[in-house]
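Trainee: One predicted model, sequence on top.
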Amino acid sequence: MSDDVSVKICGLTTLEQIQAAATAGARYVGFVFFPKSPRHLDVPKAAELAGQVPLGIAKVALTVNATDAELDRILASVPLDMLQLHGKESPARVSEVKERYGLPVMKAIGVADQADLAQIDVYSQVADQLLIDAKPPKEAVLPGGNGLSFDWRLLAGRKYWQCPWMLAGGLTPDNVAEAVLMTGAQQVDVSSGVESAPGIKDAEKIRAFLSAVSG
Ligand SMILES: O=C(O)c1ccccc1NCC(=O)[C@H](O)[C@H](O)COP(=O)(O)O
């Protein structure tokens, strides 16, 4: 597989995990601001970790239906390169956040079936990037990071949208190569698939994931 595929490791919570992701070649690291998540960071901890991310790796803040006040608080302390909106933010809210903070915005789109693909077209007109993820089950506590994948055949032959996109949802060191082949994704995102327990990233799994991506 091509080593041009960029990798985002989401939900990092320690310096050791950041170092493992950086050494393995991740291009993005994600910090989760969602208190119900086992990967949640408070603002001071996120600021401390973000300050130690090596140059050249994009620092992404993941929020869920965050208000301006919440985003203001995060951005006042945490040096960030991108905002990932992982809730039910409307296209207008995506534009508003882009304008207010002057940072690129990645909008997460949950996919379960063909009907969900229409959202990709809509949001690709306003977001800087899209994260095409598995739609969470109705009873799920988390809107993402559930280790569930969707039918990648839905994306086959749809390699290009109006903005860059990442494939996410249930990716692991064992299936990421097939997922990339099937979808043509040039960027992938992983959380649960490189963990030894919910919220605990595993350096060896991170290395295996990056190695599977680069072939
Ligand atoms: O990871 C979380 O805990 C989380 C919490 C709330 C909203 C979104 C969350 N994660 C979103 C991500 O970007 C994940 O990396 C993505 O959904 C893939 O997760 P996984 O299937 O576990 O690899």
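Mentor: Received, thanks.

Trainee: Okay, now the unreliable bits of this structure?
Mentor: 1-3, 159 (pLDDT under 70).

Trainee: Near the closest residue to the ligand within it, how many other residues are there?
Mentor: Nearest residue of the chain to the ligand: residue 145, at 2.2 Å (CB to the nearest ligand atom). Where C-beta positions appear, they are placed from N, C-alpha and C, glycine not excepted. Using other CB atoms under 10 Å, residue 145 is surrounded by 29 other residues.

Trainee: What of residue 153?
Mentor: Neighbours around residue 153, by other CB under 10 Å: 9.

Trainee: Skipping its backbone neighbours, what lies nearest it in space?
Mentor: Distances taken as CB to CB, 6 or more residues apart in numbering put residue 182 closest to residue 153, at 6.6 Å, once the chain neighbours are dropped.

Trainee: Now do the contacts for the one you found.
Mentor: By CB atoms under 8 Å, 6 or more residues apart in numbering, the residues touching residue 182 are 152-153, 155-156.

Trainee: who's in contact with stretch 125-136?
Mentor: Identification of contacts with stretch 125-136 by CB under 8 Å, 6+ apart yields 82, 84, 86, 91, 94-95, 98, 104-112, 116, 120, 123-124, 142-144, 146, 148-150, 155, 161-170, 187, 189.

Trainee: swap the cut-off to 7 Å and go again
Mentor: With contact meaning CB atoms under 7 Å, 6 or more residues apart in numbering, stretch 125-136 is reached by 84, 91, 94-95, 104-112, 116, 120, 123-124, 142-144, 146, 148-150, 155, 161-170, 189.

Trainee: will you turn the contacts of residue 182 into TSV that also has secondary structure and distance to residue 45?
Mentor: Output for the contacts of residue 182, formatted as TSV (DSSP: H, G, I helix; E, B strand; the rest coil; distance: CB to CB, whole Å):
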residue	secondary structure	distance to residue 45
152	helix	34
153	helix	40
155	helix	35
156	coil	40
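
Trainee: out of those residues, who's near the ligand?
Mentor: Among the contacts of residue 182, no residue sits close to the ligand (CB under 6 Å from any ligand atom).

Trainee: where does this protein come near the ligand, residue by residue?
Mentor: Counting by CB under 6 Å from any ligand atom, the chain comes close to the ligand at 10-11, 30, 32, 34, 37, 39, 62, 64, 86, 131, 133, 142-148, 168-171, 189-193.

Trainee: And those, which of them are buried?
Mentor: 10-11, 30, 32, 34, 37, 39, 62, 64, 86, 131, 133, 142-148, 168-171, 189-193 (16 or more other CB atoms under 10 Å).

Trainee: Quick check: chain neighbours aside, which residue is closest to residue 94?
Mentor: Of all residues not flanking residue 94 in the chain, residue 126 sits nearest, at 4.8 Å (CB to CB, 6+ apart).

Trainee: For ChimeraX, write the select line for the buried members of the contacts of residue 182.
Mentor: Buried residues within the contacts of residue 182, by 16+ other CB under 10 Å, are selected in ChimeraX with:
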select :152,155
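
Trainee: Looking at the contacts of residue 182, which is nearest residue 72?
Mentor: Taking CB to CB as the measure, residue 72 lies nearest residue 155 of those, at 35.3 Å.

Trainee: For residue 154, see how far away the residue lying closest to the closest one once chain neighbours are set aside is.
Mentor: If you skip the residues right next to it in sequence, residue 155 has residue 183 as its closest partner in space, 4.2 Å away by CB to CB, 6+ apart. Computed as CB to CB, to the nearest Å, the residue 183 to residue 154 distance reads 9 Å.
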